[in-house]
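Student: Here is the input, now give the coordinates:
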Amino acid sequence: MQQSRFQISKEYDHENDALNKIQEKINKTKAHINELLLDKDVWEKRLAEMLSKSNSIDTQTIEYIYKEAQIYNIDIHKKFEETVIFHQKMIENEVEFIKKSVSKSKEAINSLELEHAKLAEEYSVLLNQLAKTGSLTEYTNLGHQINELTKEIAETESLISQREKTSEELASLKQQFNNLTIKIEDILEKMRIKITIFNRYFSEYSKILTDDSYYIVVNKDKLQHFTLIPSCERNDSNIGDGSKQSVIIAFDLAYVSFANDHTINLTRPHFFTQDKIEIIDVNILDRLINLINRVDCQFIFPIISDKLDGIPDFDDSNIILTLSEDNKFFNIEKYNSAKKGLISKSIIDLAL
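Tutor: Okay, here's the model as predicted:
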């Protein structure tokens, strides 16, 4: 090096060595400050994320978990409010921990910056002393250049360190993404299997009731959003109201059979209700009754007696309630008669 070719007397060799030691301390202190600044930035980003979570706690998700647990008869010992408070407390504790970590980092940075300023002052004083001992202008200029290069090296090392940490974070995020992708693919595969099982029943029952097989089709848009859409083989949109009602009933029956399937085995109600049965043709109703008898479920529906007389396979013992002009629901006509009589009696009493 050009600086090493300078001939300096032994009387200030000691001071020159001290100058180099101070320079080494300055470099280490600066590198340590850069590391702490990087750590502080990481903590502050984490703090911002936690404060955002604290201000937008997802109570709807927690409430949904509780409702779903009630459906499956799962006993949750903690109340909903206690769980929300506990979740909020966890976030508050983590926020407090991060704030303390940020505070410690700031204190350490301030302390190191004071030390750095002190070392820089010592370096400047010692350098001036060396300059007074002789003509060291060029030597001093080289020293300044070295200092600038040393500063650039420290900054470059800090950037390299930051890049390494960023690369590690990126690798971790990629791993998380891959794990989530695997989980999503697993969920999608299970969903495809379930849809296949459901479509086996849906297509069979809709074929019986409408002479056309219907299926549930999965549509995926560019945002990877999935939509379940019923579709038929003929793709005929001009179907009557009776056929539409038959498809709806076939769907309900398919879901009951799907829930009862040994590969699914869901705990669900084994009954369903439908209205507007009278718009379905009598011959289709006869098929429907035979189909209902094959499925392990109860189908509750209202129907006029004239329509019922046209179903040869219907068992009258399945009728649970019969209504007519003289026998209305909840005996409403008797209630109206009694109400009118009570009003008339009240008027007579008032007249007397």
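Student: Could you list the domains of this structure?
Tutor: 3-134, 191-320, 326-352 (automatic domain parsing).
Student: Remind me what the helix or strand where residue 50 lies packs against, helices and strands.
Tutor: Taking DSSP states H and E as the criterion, residue 50 maps to helix 13-55. Other elements packing on helix 13-55 under the criterion 3 or more CB pairs under 8 Å, 6 or more residues apart in numbering; DSSP states H and E are helix 80-132, helix 137-210. Where you see a C-beta, it was placed from the backbone N, CA and C, and this is true even at glycine.
Student: Which of those comes out lowest on mean pLDDT?
Tutor: Of all these, the minimum mean pLDDT falls on helix 80-132 (a mean of 80).
Student: and the angle for that one with helix 137-210?
Tutor: On the basis of axes from the mean of the first three to the mean of the last three CA atoms, to 10 degrees, helix 80-132 is oriented at 160 degrees to helix 137-210.
Student: change the start of the numbering to 734 and stick with it
Tutor: Right, with 734 as the first residue, what we last looked at is helix 813-865.
Student: roughly how far is helix 813-865 from the heart of the chain?
Tutor: The chain centre lies 35 Å from the centre of helix 813-865; the measure is CA atoms, centre = their mean, to the nearest Å.
Student: Could you check the angle it makes with helix 746-788?
Tutor: Computed by the same axes, to 10 degrees, the angle between helix 813-865 and helix 746-788 is 160 degrees.
Student: Check which helices and strands helix 813-865 sits against.
Tutor: helix 746-788, helix 792-804, helix 870-943.
Student: Given the helix or strand that the last one is followed by, what are its sheet partners and their directions?
Tutor: Next along the chain after helix 870-943, taking DSSP H and E as the criterion, comes strand 947-953. In the sheet containing strand 947-953, its partner strands are strand 959-965 (antiparallel), by DSSP bridges.
Student: What segments of the stretch 984-1085 of the chain are strands?
Tutor: Counting by DSSP state E, counting those that start in this stretch, the stretch 984-1085 of the chain has these strands, from start to end: 1004-1006, 1031-1033.
Student: and among these, the most buried is which?
Tutor: Most buried of the strands of the stretch 984-1085 of the chain, by mean neighbour count (mean count of other CB atoms under 10 Å): strand 1031-1033, with a mean of 14.
Student: so who does residue 924 touch?
Tutor: Contact analysis of residue 924 by CB atoms under 8 Å, 6 or more residues apart in numbering lists residue 951.
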